[in-house]
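>>> return a 3D structure for these sequence lines:
(one chain, ligands or ions: 1)
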Amino acid sequence: MDPQSQNAPGAGSSLYVHVPFCVVKCGYCDFTSYVVEDQSVHDLFLRALDRELESTTLPQRPTTVFVGGGTPSHLAPHRLRELFATLARHVDLRAAKEVTMEANPESIDEEKASIALEGGVTRFSMGVQSFDPARL
Ligand code: SF4
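The predicted structure follows:
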């Protein structure tokens with residue numbers, strides 16, 4: 001069946017994955033996000049995400065996938081790779097019309113961008129409120 005067909009499993013559905021970690025907690029931010037010194041917590045999160053996806057009835061072929069946060073690009077390269085490997089075990093990212101990952105200019109680099117693109121990302125959402133600290 002054509003994965004983009006109206007009748008394909010999950011067609012028309014969306015998947016949102018929240019990565020709740022940031023480098024710093026911005027004073028104006030109400031999103032669920034945490035600053036953790038011990039980055040082994042990121043590994044615990046990835047394992048918990050895998051279990052959550054395992055136990056959830058998911059659209060196997062969502063039309064759109066959004067990986068937000070928090071700051072997904074804050075994850076170390078090997079963890080970012082694990083994040084997309086985890087997602088790929090549960091949903092067909094290649095069949096999605098759009099796979100977005102939020103990124104912060106301070107934490108995304110060429111290596112992480114490449115990992116995300118290899119993982120199926122087709123669009124980056126850059127989180128920039130202002131480059132002027134006084135305005136923040
Ligand atoms: S980087 Fe974004 S998600 Fe993280 S605390 Fe700041 S505004 Fe919130």
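>>> from here on, just use CA atoms for contacts and neighbour counts.
OK.
>>> doesn't Gly68 make contact with Val17?
Yes - with contact defined as Cα atoms under 8 Å, Val17 and Gly68 form a contacting pair (6.2 Å).
>>> for Val17, helix, strand, or coil?
Following DSSP: H, G, I helix; E, B strand; the rest coil, Val17 is assigned to strand.
>>> who does it form a beta bridge with?
Val67 (DSSP bridges).
>>> what's around it, how many residues?
Applying other Cα atoms under 10 Å, we find 16 residues neighbouring Val17.
>>> contacting residues for it?
65-69 (Cα atoms under 8 Å, 6 or more residues apart in numbering).
>>> what of Ser125?
Per Cα under 8 Å, 6+ apart, neighbours of Ser125: 100-103.
>>> which other helices and strands contact the helix ranked longest in the chain?
Longest helix in the chain, counting residues (DSSP state H): helix 40-55. Judged by 3 or more Cα pairs under 8 Å, 6 or more residues apart in numbering; DSSP states H and E, the packing partners of helix 40-55 are helix 77-90.
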